[in-house]
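**Student:** Kindly generate the corresponding structure for this input.
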Amino acid sequence: ADFSEFQGRAEAMSFERFLEAPGSRYIRWSLFPVEQGRAGNHSGLIPGAIAADLPLPSFLKKGQLVDCVVRLGTRRYCYPKHKDWAWNCLLQVVGSKAVYLHGPFPNPTCRCRLHPEPPTNPIEVRLGPGDLLFIPPGWYHSVRSLQSSLSASVNFFWKEN
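**Tutor:** The predicted structure follows:
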């Protein structure tokens, strides 16, 4: 597999180098190529062996899944505050992380020029292996790995039918 990072630039490296490199590292692979989904900011496609082992959550029906993202991070990697465009469930696979929920966006479909800032006192949710967190579209959230070793998670993004 290509362990290229996405941090404004890509650098191909082995998994061993990814784990041993100084500083925090982060990669994310998407299930769909850029032209079919929202994978423009991703490191590439989920490697076939990993994709084959990803179970579709039982609450999703065929055709609802719009993307699936595998995320690997090292050394207490932090992902900044953002909001997602679709329903999202975050499955923690390896390691643990804190997700900071900054509250719902008042109207996620609003195309206003001025958006109110999300609340400044987020709710912290800690996830360990096997934990699943639902995040509605438009909710601001940020993520931080809680240990210095590898953290792996999977996001399933879906649309309502």
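
**Student:** and the gap between the spatially closest residue to Val69 that is not a sequence neighbour and Ala86?
**Tutor:** Setting aside the residues directly before and after it, Val69 is nearest to Asn155 in space (CB to CB, 6 or more residues apart in numbering), at 4.4 Å. C-beta here means a position set from N, CA and C on the backbone, and glycine is covered the same way. Per CB to CB, to the nearest Å, Asn155 is found 10 Å from Ala86.

**Student:** tell me, what's touching these two both at once?
**Tutor:** Taking CB atoms under 8 Å, 6 or more residues apart in numbering as the criterion, Asn155 and Ala86 both touch Asp67.

**Student:** Tell me how far Leu65 lies from Leu56.
**Tutor:** Distance from Leu65 to Leu56, by CB to CB: 7 Å.

**Student:** for Ser142, what are its contacts?
**Tutor:** Contacts of Ser142 (CB under 8 Å, 6+ apart): Cys78, Tyr79, Pro80, Lys81, His82, Val99, Tyr100, His102, Pro122.

**Student:** hey, what's in contact with both of Leu65 and Leu56?
**Tutor:** Shared contacts of Leu65 and Leu56 (CB under 8 Å, 6+ apart): Phe156.

**Student:** who has more neighbours, those two?
**Tutor:** Leu65 (17 against 13; other CB atoms under 10 Å).

**Student:** what about the nearest residue to that one once chain neighbours are set aside, neighbour count?
**Tutor:** Setting aside the residues directly before and after it, Leu65 is nearest to Trp158 in space (CB to CB, 6+ apart), at 5.3 Å. Using other CB under 10 Å, the number of residues around Trp158 comes to 20.

**Student:** now Lys61
**Tutor:** Neighbours of Lys61 using other CB under 10 Å come to 10.
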